[in-house]
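[1] Any chance you can model this:
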Amino acid sequence: MGAEPSARWLKGDTGVRGLRFGPFELDLDSCELWKSGVRVKLQLQPFRVLRLLASQPGRLLTREEIQREVWPD
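    Residues are numbered from 1 along each chain as shown. Purely as a prediction, here's the structure:
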């Protein structure tokens, strides 16, 4: 297998503002996904799942962990 893409947190004046991995960037303030500078249409729940998975590269998350983080109710 190839090397894992690394994720980097992007910091702004008020703290963490996003997450960059490969050609993608997650904007945590606007809940938007960008690929090479082009906005990718993504609904809120898939954004939350992607944010969770991308923030923990190489880690296998259980269904319960994902459910607890994305659908806490």
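
[2] which residues in the protein form helices?
    Using DSSP state H, the helices of the chain run over 44-54, 63-70.

[3] Highest mean neighbour count out of those helices?
    Most buried of these, by mean neighbour count (mean count of other CB atoms under 10 Å): helix 44-54, with a mean of 15. Quick note: C-beta positions are derived from backbone N, CA and C, even for glycine.

[4] nearest spatial neighbour of the residue nearest to the spatial centre of the chain, skipping sequence neighbours?
    Against the mean C-alpha coordinate of the chain, by CA atoms, centre = their mean, the closest residue is Arg51 at 2.4 Å. Using CB to CB, 6 or more residues apart in numbering and skipping residues adjacent in sequence, the residue nearest Arg51 is Leu26, 5.6 Å away.

[5] I'd like the distance between the one you found and Gly12.
    Relative to Gly12, Leu26 is positioned 13 Å away (CB to CB, to the nearest Å).

[6] So what's the residue count around the nearest residue to Glu32 once chain neighbours are set aside?
    Distance criterion CB to CB, 6+ apart; nearest residue to Glu32, sequence neighbours excluded, is Arg39 at 5.9 Å. Number of residues near Arg39 (other CB atoms under 10 Å) recorded here: 11.

[7] mind checking pLDDT for Arg39?
    According to the prediction, Arg39 has pLDDT 96.

[8] and the gap between it and Gln67?
    Relative to Gln67, and taking CB to CB, Arg39 is found at 28 Å.

[9] same check, this time on Pro23
    29 Å.

[10] got a list of contacts for the lowest-mean-pLDDT helix or strand in the chain?
    When the helices and strands of the chain are scored by mean pLDDT, DSSP states H and E, strand 7-12 comes last with a mean of 76. By CB atoms under 8 Å, 6 or more residues apart in numbering, the surrounding residues in contact with strand 7-12 are 16-21, 25, 54-55, 57.

[11] All set now, cheers.
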